[in-house]
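[1] model this:
(chains A and B)
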Amino acid sequence: MQHNFNTKPPPNYVAGLGRGATGFTTRSDIGPARMLPGSELGAASAAGPARAPPAGQPADKPQDLSETKFDHFNGYEERLFGDTPYEEDDKLADEVWQAVDAQLDKRRKARREAREQEELKKFRATRPKLQHQFADLKRDLETVSYAEWEALPEPGAHIKGAQAAKRSERFTKAPDSLLDRAKREIEGASVVQDDGAGAGAGAGGGSTDTPLADLKSLGQARNSVLEVKLDLAGDSVTGQTVVDPKGYLTGMASVKVSSEAEIGDIKKARLLLDSVRQTNPSHAPAWIASARLEEVAGRLSKAIELMKQACAACPGAEDVWLESARLHSKDGAKLVLAEAVRAVPQSVKVWLHAASLEDDGRLRRLVLRKALEVLPNSVKLWQAAIDLETPQDAKLMLARAVECVPHAVDMWLALARLETYDNARKALNRALTAVPTEPLIWIAAIKLEEANGHGEQCDALVGRMMKWLDQHEAAPERELWLSEAEAAERAGAPLTCDAILRAALPIGIDPEDRRRIWMEDAETFVTKGAHECARATFAACLAAYPTKRSVWERAAQHEKAHGSREALAALLRRAVGYCPHAEGLWLMAAAERREAGDVAGARGVLTDAFRANGSSEAVWLAGVQLEFDEGEHERARALLARARERAGTERIWARSVAVERSLGDLHAAHELAVGGIATHPRCAELHVARAAVELKRSAVGEARATYARAVKACADAPSVWIGAAALEAADGALGKARSLLESARLRMPAEPRLWLEAVRLERRAGNAQAASALMAKALQSCPTAGTLWAEAIAMEPRQTQKAKSSDALKRCDNDPHVILAVSRLFWRDRKLDKARVWCNRAAALDPLLGDAWANFYAFELEHGTAAQQADVLARAVSAAPQHGEHWKRMADDPASCSMPLAELVKRVAEAMRLS
Amino acid sequence: MSYLLPHLNSGWAVDQAILSEEDRVVVIRFGHDYDPVCMRMDETLHSIAELVKNYAVIYLVDITQVPDFNSMYELYDPCTVMFFFRNKHIMIDLGTGNNNKINWALTDKQEMIDIIETVFRGARKGRGLVVSPKDYSTKYRY
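    Numbering: from 1, shown residues only, chains lettered A, B, ... in the order given. Next up, the predicted model:
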């Protein structure tokens, strides 16, 4: 077998070394035969190009391979083999890697470029280039004229004081080349300008050979320095020429370069206005404009002079006089206005201005009286004059004023306000003859009557007003009446308000949408806080629709919220009279009585209610609750017996059982439960109650039998299944409980309570694994069940609870149970502000959820002030919560079911404390 | 007769030849084809190559063309024959004092065969040093 070994060796191959061969030394006289590693490498490095040491680092510096230079992803910052020579194989390897990189790069090129583009756009959106930021402003630059551009202030012109001095007072030595050039220039100049050079020579005492001694040469040198500087400024690299080198030297004379353009404008304007004035000297605005221009230009005296001419030229224009007065000082202005009132005595403005210039009230009054002599018909002057008077004088003035300006309603009303009752009546009557179309006068009259104890006349007066206004064809819009009624309520005239509304509400409304519009009006009044108006609107509505239950309920609600107790009672009495079949109204009436502490009254109301609707379970139950709460157990029992007879609904039976249970009469409770089941075999509640009674009597077998019957009779009620499973679990038969819950789930796969019970069963049994698996399944089948999510959060280990809660919030954002669980997380983490907000949110989302309130109260007990605790408790009581897991357990407990609500909240809060 | 024997033209080829042989002795003659001593040696090697092919393979290396091993194996003689087995240099006690190589021209074919066979047998047993069947010390020559 013949091999061909004469292939090309890999680059930098060291013969023998690759094979691991070692040599030998037999003849040391010839030299070392054994190959030393260093020698071969040295030879190789001499052959290959040596790696250049990194810039700024000496080649012999030892590498820093400490931990600080180590990164888990990139390895060492330093190149581990940086000091070895860069050889052929290194190059090959680098080429291979570069090829790989290039390949990868090519593969993702389009995507990466798109992404980079995207990122750049995003970056630009957040941090735009300076160029883009001012793009819109730059566009405006094209409208900037050359003059405006020139007028831009110099950079650094705003620097003041010592800094500016420091900036300008900077001396630098002139270079020799300049001085040399200056010398040469002066030689040239002396040739051309004989007299100049001669003068310089004379001053220098004839010593022209040294240029430094020559004053003229110094001046010349300074000139050329300035020129050089200007050249630099003119040809600045950025292309923004800051200084116009040609204009700079010549423009030095003018001190304020920036105002030059303005001056030009002012000159032009002055010319224009001059021509206007000359062509039309009686044109007042031209004079005023001229004066204003001079004022802006800073020549006040010229402006005053102009105005003086103007007053002479057009004395009939009040604006000229006022402008003139404005330009003068206070005393001067008084003189001007004295002239003015002579020239234009009919001008109200001039008179008022003159009055306002007087500081003294007496003088001002004097001026105004004089004005009124000339102008007795000016309402403004009268108002200004009356404002200055005392009430007594004002009355006199008003009496005179209404004669002079009889159409001024305000004057009449003011007069009526100030006068005594009789005089006011008279005044208003006169006002009506003067201004017959003004409803305000009528309303003022009606208010006056009400205020003086003639409230009974309001309706008649309103009727007369309506007729009167109709006759004069001045009946205002309905909205105006409503707002007037509101104003009347504000002004403390409820009877007027009522009367107006009674008359005005039916105006211009179709009978069909009358009720709707009236209810809307009432709501608007309620939102505006005009409760008397709302009450009147409700009353009107009720008068029109006495049999509408919804109107009665809304009116009662409003009365309860904003009215007195008596008014509410009266309203409810009338309500039940009109709608005897409205249980809600009866119950409200009874509750109202009870709250007032009138138990007998409440009882009476309920008796009436029984009489009116004998088979209403709500009324029966309310009666039972009343008796039960009052401790009249026998009466409650009797009532329940009667209720069972007459109404006999499921709830009444269940309530009967519950009452007996809470009274401790288990035997009776059982009897009742059995009886109830006989009449309502499909009522789950009764079955559960019966089983509970049996359990209490420790008759487990009976309870089991009850549940067995119950799951057959009412297989669609989760409570029955849950109760049955709980019974089995308590008995230790976990498997049975599990199978019960499973078969229940088969019937109702989307019932979160069943899932929850199953999960809890596993947890109680200590099967955390099974519980979490079951929970996962539960969340899949009911992903929006807040109770399940809350339990899931509670089940998680502490580290992952946060993640779970965010999951839960994503799935069911506004579920009070989830919010409650999250609030407890915050509470546990002592994020008190957040916890308070979330507690509040949970309670606000579902005010009937007792757990949320109890949790909130428990939280405040631990971290809140006494005021906060009391507030939460009051809110909880007013919300009257009904459900919730802990709440229900506590509320159904016979030991605590007769407690007042506040006590119950406290008890539940005790149970919900963060242990 | 050197042209009839395979030549190895680089250090790489030499290493490959030594490494690629699994169970035969690799006999390498280092020297120059034009050298008279080598010529005689090559004559012997060529004539036995066919006879020992079952347990040995013979290569020629020009030490001017391939100077890589000159210092490692002290190739300063006109002709040097060395033995390798499974990438291991097998030494042979020839009685000359240099056990590493044969550095003269061996003209007796049978002696050469015997030496190669001895090397093969010893190397197969794991020996690094075998004893030549004939003593080539100078005391017998003179």
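[2] tell me the buried residues in whichever strand or helix holds B:Ile90?
    Applying DSSP states H and E as the criterion places B:Ile90 in strand B:89-93. Neighbour counts over strand B:89-93 (16 or more other C-beta atoms under 10 Å in any protein chain shown) mark B:His89, B:Ile90, B:Met91, B:Ile92 as buried. The C-beta positions use only the backbone N, C-alpha and C, and glycine is treated the same way.
[3] how about these in a markdown table, adding distance to chain A and pLDDT?
    Below are the buried residues of strand B:89-93 laid out as a markdown table (distance: C-beta to the nearest C-beta, whole Å; pLDDT from 0 to 100):
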| residue | distance to chain A | pLDDT |
| --- | --- | --- |
| B:His89 | 7 | 93 |
| B:Ile90 | 12 | 94 |
| B:Met91 | 9 | 94 |
| B:Ile92 | 13 | 94 |
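[4] in chain B, which spans are strands?
    B:7-8, B:25-31, B:56-62, B:79-85, B:89-93, B:129-131 (DSSP state E).
[5] distance to A:Glu150 for those strands - can I get that in TSV?
    Formatted as TSV, those follow (distance: least, C-beta to C-beta, whole Å):
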stretch	distance to A:Glu150
strand B:7-8	91
strand B:25-31	96
strand B:56-62	92
strand B:79-85	97
strand B:89-93	97
strand B:129-131	106
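[6] got the domain boundaries for chain A?
    Using automatic domain parsing, the domain ranges for chain A come out as A:440-545, A:715-776, A:783-915.
[7] just send the ones you listed back as TSV, with mean pLDDT and mean neighbour count too.
    Formatted as TSV, those follow (pLDDT from 0 to 100; neighbours: other C-beta atoms under 10 Å in any protein chain shown):
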stretch	mean pLDDT	mean neighbour count
domain A:440-545	74	18
domain A:715-776	80	18
domain A:783-915	80	18
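[8] could those go into JSON lines alongside distance to chain B?
    Shown next, in JSON lines, are the domains of chain A (distance: least, C-beta to the nearest C-beta, whole Å):
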{"stretch": "domain A:440-545", "distance to chain B": "100"}
{"stretch": "domain A:715-776", "distance to chain B": "60"}
{"stretch": "domain A:783-915", "distance to chain B": "59"}
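[9] A:Ala114: which of these is closest?
    domain A:783-915 (30.1 Å; C-beta to C-beta).
[10] circling back: now, among the buried residues of strand B:89-93, which is nearest to A:Ala491?
    Nearest to A:Ala491 among the buried residues of strand B:89-93: B:His89, at 126.6 Å, using C-beta to C-beta.
[11] now that closest one: how far from A:Ala21?
    7 Å (C-beta to C-beta, to the nearest Å).
[12] what does A:Ala591 give?
    A:Ala591 is 110 Å from A:Ala21, by C-beta to C-beta.
[13] ok, these two, which is more surrounded?
    Shown here are A:Ala591 and A:Ala21; by other C-beta atoms under 10 Å in any protein chain shown, A:Ala21 has more neighbours (20 against 16).
[14] pull the contacting residues for that one.
    Residues in contact with A:Ala21 (C-beta atoms under 8 Å, 6 or more residues apart in numbering or on different chains) are B:Asp15, B:Ile18, B:Met72, B:Asn87, B:His89.
[15] got the contact list for the one residue in chain B that gets nearest to chain A?
    Of all residues in chain B, B:Gly11 sits closest to chain A, at 2.2 Å by C-beta to the nearest C-beta. B:Gly11 is in contact with A:Pro9, A:Tyr13, A:Val14, A:Ala15, A:Gly16, B:Val66, B:Asp68, B:Phe69, counting by C-beta under 8 Å, 6+ apart.
[16] 10 Å instead?
    Taking C-beta atoms under 10 Å, 6 or more residues apart in numbering or on different chains, we find B:Gly11 in contact with A:9, A:13-19, B:61, B:65-69, B:72.
[17] circling back: shared neighbours of B:His89 and A:Ala21, anything?
    In contact with both B:His89 and A:Ala21: B:Ile18, B:Tyr73, using C-beta under 10 Å, 6+ apart.
[18] who are the packing partners of the longest helix belonging to chain B?
    Ranked by number of residues, the top helix in chain B under DSSP state H is helix B:109-124. For helix B:109-124, the elements it packs on are strand B:25-31, helix B:36-49, strand B:56-62, strand B:79-85, strand B:89-93, strand B:129-131, judged by 3 or more C-beta pairs under 10 Å, 6 or more residues apart in numbering or on different chains; DSSP states H and E.
[19] all strands of chain A, in order?
    Under DSSP E, chain A gives strands at A:70-71, A:75-76.
[20] now the closest residue to A:Ala609 other than its chain neighbours: how far from A:Ala618?
    The shortest distance from A:Ala609 to any non-neighbouring residue, by C-beta to C-beta, 6 or more residues apart in numbering or on different chains, is to A:Trp586 (3.8 Å). Plainly put, A:Trp586 is 8 Å away from A:Ala618 if you go by C-beta to C-beta.
[21] now swap in A:Trp351 and tell me
    76 Å.
[22] more crowded one of the two?
    Taking other C-beta under 10 Å, A:Trp351 and A:Ala618 do not tie; A:Trp351 has more neighbours (27 against 16).
[23] surely the more buried one is in contact with A:Glu358?
    No: assessed by C-beta atoms under 10 Å, A:Trp351 is found out of contact with A:Glu358, at 11.4 Å.
[24] what sits in contact with each of those two?
    A:Val367, A:Leu368.
[25] so how far is stretch B:24-32 from its chain's centroid?
    In terms of C-alpha atoms, centre = their mean, to the nearest Å, the centre of stretch B:24-32 is set 4 Å apart from its chain centre.
[26] send me that stretch as PDB with only the CA atoms.
    Output of stretch B:24-32 as PDB, limited to C-alpha atoms (Å, rounded to 0.1, in the frame of the first residue of the first chain):
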ATOM      1  CA  ARG B  24       4.900  -2.200  10.300                       C
ATOM      2  CA  VAL B  25       8.400  -0.900  11.100                       C
ATOM      3  CA  VAL B  26       9.100   2.300   9.300                       C
ATOM      4  CA  VAL B  27      12.700   2.300   8.100                       C
ATOM      5  CA  ILE B  28      14.000   5.700   7.000                       C
ATOM      6  CA  ARG B  29      17.200   6.400   5.400                       C
ATOM      7  CA  PHE B  30      18.400  10.000   5.900                       C
ATOM      8  CA  GLY B  31      21.000  11.200   3.500                       C
ATOM      9  CA  HIS B  32      21.500  12.200  -0.100                       C
END
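[27] that's all I had, so thanks and see you.
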